[in-house]
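J.: Return atomic coordinates for the entry below.
(chains A and B)
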Amino acid sequence: MKMINNLLYSFKKYKFLLSQLVSRDFKVKYKRSVLGVLWSLLYPVLTMAVMALVFSHMFKTNVPGVNYLVYLMSGLVIFNYFSEASNLAMSSVVANFSLINKVYMPKYIFPLSKCLFIGINFLLTLIPLYVLILLTGTGVNIYHLLLPYMFACLFLFTVGMGFILSTISVFMRDMFYIYGVVITLWTYMTPIMYDMSFIPSNLLIIFKLNPLYWFVKFARDIILYDVVPGLNVWIYCAVFAVVFFLIGIFVFKKNQDKFIYYV
Amino acid sequence: MTKNEVMIEVENVSMRFNLGIEKGFSLKQGFVNLFKKKKEKKKKNEFWALRDVDYKVKRGEVVGFIGSNGAGKSTMLKVVAGVMKPTKGQVKVYGNICPMIELGAGFDMQLTARENIYLNGAVLGYSKELIDSKFDDIVEFSELRDFLDVPVQNFSSGMIARLAFSVATIVEPEVLIVDEILSVGDIAFQAKSEEKMLSMINGGTTVLYVSHSIEAIKKICNRVIWIEQGTIKKIGGVEICDQYIEYMNGK
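T.: Below you'll find the model as predicted:
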């Protein structure tokens, strides 16, 4: 109880710092670019266009019964949030060593601010996704109101991963390189551009251990198949989110006092 | 709010650094370490920056820290400021701290002066309301009104230091921690910043002050702690300064 109180107090105290860090990232990101924040909308569209070109035209990939562009985009938007946010969160503690070394502040604020910053970016990328949904005639339904549940799970999962990764990278800078490879592998292990029916049934279990599979499935069930995701999807999303979030907090909290020695 | 109220309690604080760490954060080293005996690993390259340091500071005291380079003065300040957690012992500070260990922490060179005032303020733990209300004072003191919307990367180092100093000193902290930063900017601003520091110090704030300028210590401190090789060599009044000078000359 006391711990929760402390946490709330520190959160209240550092809310302003958190908002300043997030707004700093935003200002710096688009400084001196002509299109500015429009890039947040354009970038996913362009990535999707490239992927669509490669996969649907060269490899003739198709997902029966749904619009392939929307299929691609819905997976991409979710995966990109995770990969960008976890990557930035990973380097956030090391990047802010000069601060940590001078002023006291709770260190969790750095990975958290990165996840929030990319989170706002993620909400912006929903705009091109919805434009695409309308343009392709996929259409929206009332179940779309359930999507924020998945967003929350995705956020918690990413924050948890951010805590774990940033802790490891403080002690072992190799993590930056390792994670780059891991993310590439992860991209192909998540059904972003292909359908699960491609996967041999004996490998299915491995793909289903991937938390992102469930987040993407949750979104696609609603967006593409107009159904409420099954109970198991809801549960998997929540379990992965909460478990990784708690592990992240535990790992980070246990090690944060040692960070200062590894500057 | 009595004069004898204890503001800072430093109890048996020891601080250990591992000098070998610099080499040890790659996988290769980790792998090599796997085959080493535990004791062998631990004993190597240990360095105690502070050893059983124990003292109390009362409200309103201005404490100066002296000692040769690497004696542990800055580590001492960082431990009190909460930047570092002591390996052993504990530190209690009753009241809000303004750590002026290094100015301009968190400045983002790409942002404008205006944006940096808010960012740096947030880093120092100020609330939005406080910065809003003191914004004009900060700008006034730094004399940078004409450059408010210029990115800080176009500033000279003196201008950055002035901005940083102005942001750091708008609060009225109960505990002020200063690590040799009195002289920033040009001559006019140096005089102004020194006056500002002195008025903060004389305003009844509790101050921990590190300096190699014995003159400055003698001028503003009413208690002196002499640290040598991580332990307290002497505590007392400003007369310690003379013993310290003798010691340093004899070296």
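J.: Secondary structure class of the closest residue to B:E115 other than its chain neighbours, three-state.
T.: Residue nearest to B:E115 in three dimensions, not counting chain neighbours: A:K27, with 6.6 Å by Cβ to Cβ, 6 or more residues apart in numbering or on different chains. All C-beta spots, glycine's among them, are computed from the backbone N, C-alpha and C. Applying DSSP: H, G, I helix; E, B strand; the rest coil to A:K27 yields a three-state assignment of helix.
J.: wait, what's in contact with A:K27?
T.: When contacts are counted by Cβ atoms under 8 Å, 6 or more residues apart in numbering or on different chains, A:K27 touches B:110-111, B:115.
J.: Give me the subset of those residues that lies in helices.
T.: Using DSSP state H, the subset of the contacts of A:K27 located in helices is B:E115.
J.: nearest to A:S10, of the contacts of A:K27?
T.: Of all the contacts of A:K27, the one sitting nearest A:S10 is B:E115; the distance, using Cβ to Cβ, is 24.5 Å.
J.: quick one, helices of the chain?
T.: You didn't say which chain, so I picked chain A. According to DSSP H, the helices that chain A contains are A:2-29, A:38-52, A:68-95, A:97-100, A:109-135, A:147-171, A:175-189, A:204-208, A:211-223, A:231-255.
J.: meant chain B actually
T.: Listed in chain order, the helices of chain B (DSSP H) span residues B:27-34, B:38-43, B:73-81, B:113-123, B:128-142, B:157-168, B:187-202, B:214-220, B:240-250.
J.: nearest residue to A:M196 other than its sequence neighbours?
T.: In space, not counting the residues next to it along the chain, A:M196 is nearest to A:F207; the distance is 7.0 Å by Cβ to Cβ, 6+ apart.
J.: The helices of chain B: lowest mean pLDDT?
T.: When the helices of chain B are ranked by mean pLDDT, helix B:38-43 comes last with a mean of 56.
J.: Tell me how many other residues crowd the residue of the stretch 151-251 of chain B at minimum distance from chain A.
T.: Each residue of the stretch 151-251 of chain B has a distance to chain A, by Cβ to the nearest Cβ, and the smallest belongs to B:P151, at 8.3 Å. Residue crowding around B:P151 was assessed by other Cβ atoms under 10 Å in any protein chain shown; the count is 17.
J.: Quick check: bridge partners of it?
T.: Beta-bridge partners for B:P151, by DSSP bridges, are B:T112.
J.: sorry, back to before: model confidence score at the residue nearest to B:E115, please.
T.: At A:K27, the predicted lDDT confidence score is 88.
J.: distance of it from A:F252?
T.: 27 Å (Cβ to Cβ, to the nearest Å).
J.: for B:F189, same thing?
T.: 41 Å.
J.: And for A:I199?
T.: For A:I199, the distance to A:F252 under the criterion Cβ to Cβ works out to 34 Å.
J.: Who has more neighbours out of the two?
T.: Neighbours per residue, other Cβ under 10 Å: of A:I199 and A:F252, the larger number sits with A:F252, 22 against 15.
J.: Tell me, how many residues neighbour whatever residue of the stretch 51-200 of chain A ends up closest to chain B?
T.: Closest approach between the stretch 51-200 of chain A and chain B, counting by Cβ to the nearest Cβ: A:Y104, at 3.7 Å. The local packing of A:Y104 (other Cβ under 10 Å) involves 16 other residues.
J.: Also B:A216?
T.: Counted with other Cβ under 10 Å, residues neighbouring B:A216 total 17.
J.: same question, B:K233
T.: 16.
J.: That one against B:V224, yeah?
T.: No - between B:K233 and B:V224 there is no contact, the gap being 10.7 Å when judged by Cβ atoms under 8 Å.
J.: re earlier: distance to A:R173 for the helices of chain B - can I get that in JSON lines?
T.: Converted to JSON lines, these look like this (distance: least, Cβ to Cβ, whole Å):
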{"stretch": "helix B:27-34", "distance to A:R173": "10"}
{"stretch": "helix B:38-43", "distance to A:R173": "20"}
{"stretch": "helix B:73-81", "distance to A:R173": "23"}
{"stretch": "helix B:113-123", "distance to A:R173": "24"}
{"stretch": "helix B:128-142", "distance to A:R173": "35"}
{"stretch": "helix B:157-168", "distance to A:R173": "29"}
{"stretch": "helix B:187-202", "distance to A:R173": "38"}
{"stretch": "helix B:214-220", "distance to A:R173": "40"}
{"stretch": "helix B:240-250", "distance to A:R173": "40"}
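J.: pLDDT score assigned to the residue nearest to A:K31 when sequence neighbours are not counted?
T.: Sequence neighbours aside, B:Q110 is the residue nearest to A:K31 in space, at 5.6 Å (criterion: Cβ to Cβ, 6+ apart). With respect to pLDDT, B:Q110 has a value of 90.
J.: Spit out the contact partners of B:Q110.
T.: Taking Cβ under 8 Å, 6+ apart as the criterion, B:Q110 is in contact with A:27-28, A:31, B:151-153.
J.: B:K196 too?
T.: Listed by Cβ under 8 Å, 6+ apart, the contact set of B:K196 reads B:141, B:165, B:169.
J.: Looking at the residues you listed, which one is closest to B:A122?
T.: Using Cβ to Cβ, B:T169 comes nearest to B:A122 of the contacts of B:K196, at 16.3 Å.
J.: ok, that closest one touching B:M197?
T.: Yes - taking Cβ under 8 Å as the contact criterion, B:T169 and B:M197 are neighbours in contact, 7.4 Å apart.
J.: what residues does the stretch 1-150 of chain A put near chain B?
T.: Counting by Cβ under 8 Å from any Cβ of the partner chain, the residues of the stretch 1-150 of chain A close to chain B are A:13-14, A:16-17, A:19-21, A:24, A:27-28, A:31, A:98-105.
J.: Can you say which of the residues you listed are buried?
T.: Neighbour-count burial within these applies to A:14, A:16-17, A:20-21, A:24, A:99-105; the criterion is 16 or more other Cβ atoms under 10 Å in any protein chain shown.
J.: a markdown table for these, including pLDDT?
T.: As requested, those are exported to a markdown table (pLDDT from 0 to 100):
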| residue | pLDDT |
| --- | --- |
| A:Y14 | 87 |
| A:F16 | 91 |
| A:L17 | 91 |
| A:Q20 | 92 |
| A:L21 | 92 |
| A:R24 | 91 |
| A:L99 | 86 |
| A:I100 | 87 |
| A:N101 | 84 |
| A:K102 | 83 |
| A:V103 | 85 |
| A:Y104 | 85 |
| A:M105 | 86 |
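J.: tell me the two of those residues that are most distant?
T.: For these, the farthest-apart pair by Cβ to Cβ is A:F16 and A:N101; their separation is 21.6 Å.
J.: residues from chain B in reach of chain A?
T.: That would be B:17-18, B:21, B:25-27, B:30, B:78, B:81-85, B:97, B:99, B:101-102, B:105-106, B:108, B:110-111, B:115, B:118-119, B:122-128, which are the residues of chain B within reach of chain A (Cβ under 8 Å from any Cβ).
J.: Narrow these to just the buried residues.
T.: The neighbour-count test (16+ other Cβ under 10 Å) applied to the residues of chain B next to chain A identifies B:17-18, B:78, B:81, B:83-84, B:97, B:99, B:101-102, B:105-106, B:108, B:110-111, B:115, B:118-119, B:122-126 as buried.
J.: For A:S40, which of the helices of chain B is the nearest?
T.: Put simply, out of the helices of chain B the one that sits nearest A:S40 is helix B:113-123, at 20.0 Å, with distance taken as Cβ to Cβ.
J.: Provide the contact partners of the closest one at residue level.
T.: If you take Cβ under 8 Å, 6+ apart as the criterion, helix B:113-123 is touched by A:16-17, A:19-21, A:24, A:27, A:99, A:103, A:105, B:104-108, B:111, B:128, B:130-131, B:135, B:138-139, B:144, B:147-150, B:152, B:155, B:163-164, B:167-168.
J.: do you know how far the residue nearest to the spatial centre of chain A is from A:T158?
T.: For chain A, the residue lying nearest the average C-alpha position, counting by Cα atoms, centre = their mean, turns out to be A:F82 (2.0 Å). Relative to A:T158, A:F82 is positioned 5 Å away (Cβ to Cβ).
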